[in-house]
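S.K.: show me how the following folds:
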Amino acid sequence: MKQTLKVSYHSAPSGLRMVHLHVPGCAVGYCGAAVRVGSRDEGDDRRGLAHFVEHTIFKGTDRRSPWHIINRMEAVGGELNAFTTKEETTIHATTLRGDFAKAAELIADIAFRSTFPEREIEREKEVIVDEINTYKDSPAEMLYDTFEDMLFEG
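M.R.: Below is the predicted model:
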C-alpha cells in the first residue's frame with residue numbers, strides 16, 4: 001500500500017517561508033532553515049563571507065553560549081550542523097521526533113539572535129583559512145569551479 005505524504009506550505013508576513021512534511025510513524029525529525037545567500041552573492045571584496053557567517057552563527061546568541069548551542073542537540077541524541085553552497089546557507093538538525101520543538105527553537109535562535117563575539121570571530125578566521133587551503137588541495141574541485149566560471153561568466 002502506497003502512503004500519501006502531506007506537505008504543508010506557510011508564509012509569514014516577513015517573507016519567511018516554511019515547508020512541513022509529516023511522515024506518519026517516523027521516529028526521527030529533521031528541520032532546517034535556508035537563507036538564499038551563498039557564495040555567488042559575494043563580490044570580490046567579500047569572498048567567503050557567507051561561509052564565514054555559517055561558521056560564526058554557532059559562536060553564541062543572546063540566549064546561549066557556544067557550548068550551549070553545540071550541546072543542545074547532542075544532549076538528546078540529535079545533531080546540529082550547517083553548510084553553505086553557491087546558492088544558499090542552511091542550518092539543519094536531526095533529532096528524535098519528541099525533540100523536534102527543541103531543534104526548531106534552537107535553529108530559530110541561531111538564525112535570528114547570533115551575536116558574533118569578536119573573540120570567536122578571530123578564532124574562526126584560522127578555521128576558514130584551513131578549509132580554503134584544503135579546498136585548494138583538491139584539483140577536481142578547482143577544475144569544476146574554473147569550468148563553471150567559464151560557462152557562467154558574468
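
S.K.: so where do the strands sit in this protein?
M.R.: 6-11, 17-22, 28-35, 79-84, 89-96 (DSSP state E).

S.K.: out of the ones you listed, nearest to residue 120?
M.R.: Ranking these by proximity to residue 120 (CB to CB) places strand 79-84 first, at 15.0 Å. From N, CA and C alone the C-beta is placed, and that goes for glycine too.

S.K.: return the set of buried residues in the closest one.
M.R.: For strand 79-84, a neighbour-count test (16 or more other CB atoms under 10 Å) marks 80, 82, 84 as buried.

S.K.: what's the closest of the strands of the chain to residue 140?
M.R.: strand 79-84 (18.5 Å).

S.K.: which outside residues touch the closest one?
M.R.: The contact list for strand 79-84, computed with CB atoms under 8 Å, 6 or more residues apart in numbering, reads 38-39, 50-51, 54-55, 57-58, 69-70, 72-74, 89-95, 103, 106-107.

S.K.: what's the answer for stretch 40-49, then?
M.R.: By CB under 8 Å, 6+ apart, stretch 40-49 touches 39, 50, 86, 87, 128, 132.

S.K.: let's see 7 Å
M.R.: By CB atoms under 7 Å, 6 or more residues apart in numbering, the list of residues contacting stretch 40-49 from outside reads 50, 86, 87, 128.

S.K.: contacts only, for residue 54.
M.R.: So residue 54 contacts 82, 83, 84, 89 (CB under 7 Å, 6+ apart).

S.K.: and those as a markdown table, adding pLDDT?
M.R.: Listed next are the contacts of residue 54 as a markdown table, based on pLDDT from 0 to 100:
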| residue | pLDDT |
| --- | --- |
| 82 | 95 |
| 83 | 93 |
| 84 | 91 |
| 89 | 92 |
